[in-house]
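>>> Pasting the sequence and the predicted coordinates here, then a few questions.
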Amino acid sequence: VNCHLYLCLLFIPLLLKMVSFPASIATLLLLLSSIYQTHCFQLPRTVSKGHHPDVDDANVPRSHELRTLSRKSLLEKASASVSGALALLTVQPILAPPPAHAKCADIETCREEGERRFEEELRRNPILRLPDGVRYRLLQPPTSPSSDKVKEGSNVDLAYSISTASGQYMYSRGFGFEKVQFGGRQESDLGLDSVRVVLGRHDVPVGIEYVLVGMGKGERRRVELPPNVGFETSNWMPEPTTRRGKVQIEQYKRKLVGFGSQPPFPAETVWDVEVTRIRN
């Protein structure tokens, strides 16, 4: 057996291990390579002086017999080679990716990087201001720029999600955060639920009606809604349909009017609204 073949078989599993090849396959190849090692690195045959290795062994005196490794020593040698090869597998892989480095050296540079990215995002997608302190920004453009736009008196199917200004989820419809009965089982309400509103009838807060005007089908906007054009202007519509949502809206009411030692607080709400259908 060619010894170069053994060297190839020894290093192939090591390289495979370094690139996260399955350990079991790498180990199997190591065991196969050890078999080649036992054939490749036997002790050389020794021949007495004056005897030629091509002479028929039957005619060679016992004192001139060829000597090779015993079976026991061969097994010991193979075992040692396999153990050594397996030990090499525990070495840190030389092909491992370099360690990740922070993009900023300290807190101050990280803060500056965050501010830079925020300003860049505002330039690309600015926050727009409407009357009575309502603010919004575009989250998703309409599916077709030439589609009908929402206007006063439009009949609109609306998906929405409401949270507090601190980001605490309150309730939603059609955003996939709630469950609805569909096909005899509970399914995510994403794309399956909405509320129908007519602009001008205050089915939703007045501030939301401001934002809906001009929206197209599939368009989504995020609205920061002050309480002066919030729930109280729509008689607390749309109502939550879940127990969690009802609890959240009651807590929000107490925050507005004050409770216990807490004075009234004009807390804003944040709405994500998406127009799913328009009937003009």
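The structure has been received and is ready for your questions. Numbers count the residues shown, from 1 in each chain.
>>> which stretches of the chain form helices?
According to DSSP state H, the chain carries its helices in the segments 3-18, 23-40, 71-88, 107-124, 206-212, 243-257.
>>> So for the third one, mean pLDDT?
Think helix 71-88. Throughout helix 71-88, pLDDT has a mean value of 54.
>>> With stretch 233-243 instead?
Mean pLDDT, stretch 233-243: 95.
>>> Now do it: distance from first to last residue.
Start-to-end span of stretch 233-243 (Cα to Cα, to the nearest Å) is 23 Å.
>>> May I see the buried residues of that stretch?
Of all the residues in stretch 233-243, those buried under the rule 16 or more other Cβ atoms under 10 Å are T233, S234, P238, P240. Glycine gets a C-beta too; all of them are placed from N, C-alpha and C.
>>> Surely the second one touches V206?
To tie it back to what came earlier, the one meant is S234. Yes: taking Cβ atoms under 8 Å as the definition, S234 is a contact partner of V206 at 7.1 Å.
>>> Under the pLDDT cut-off, which ranges of this structure? List them.
Where the chain drops to pLDDT under 70, the residues are 1-103.
>>> Swap in 90 and give it another go.
Residues of the chain meeting the criterion pLDDT under 90: 1-125, 144-147, 180-186, 191-192, 259-262, 280.
>>> Tell me how many other residues crowd D106.
8 (other Cβ atoms under 10 Å).
>>> what does D193 give?
Using other Cβ under 10 Å, D193 is surrounded by 21 other residues.
>>> check contacts around it.
Residues near D193 by Cβ atoms under 8 Å, 6 or more residues apart in numbering: A159, R173, G174, E178, V180.
>>> what's the answer for W271, then?
Shown in contact with W271 (Cβ under 8 Å, 6+ apart): Y160, S161, I162, I208, R222, V223, L225.
>>> Name whatever forms a beta bridge with the second one.
Taking DSSP bridges, one finds S172, D272 as the beta-bridge partners of S161.
>>> check contacts around it.
Y169, Y171, S172, F175, F177, W271, D272.
>>> need these in TSV with distance to R111, can you?
Putting the contacts of S161 into TSV (distance: Cβ to Cβ, whole Å) gives the following:
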residue	distance to R111
Y169	28
Y171	34
S172	33
F175	32
F177	32
W271	29
D272	28
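>>> Greatest separation within those residues: which pair is it?
Spatial extent of the contacts of S161 (Cβ to Cβ) is set by the pair F177 and W271 at 13.4 Å.
>>> can you tell me how far the nearest residue to V195 once chain neighbours are set aside sits from R111?
What sits nearest to V195 in space, not counting adjacent residues and going by Cβ to Cβ, 6 or more residues apart in numbering, is P238, at 4.9 Å. Distance of P238 to R111, computed by Cβ to Cβ, to the nearest Å: 39 Å.
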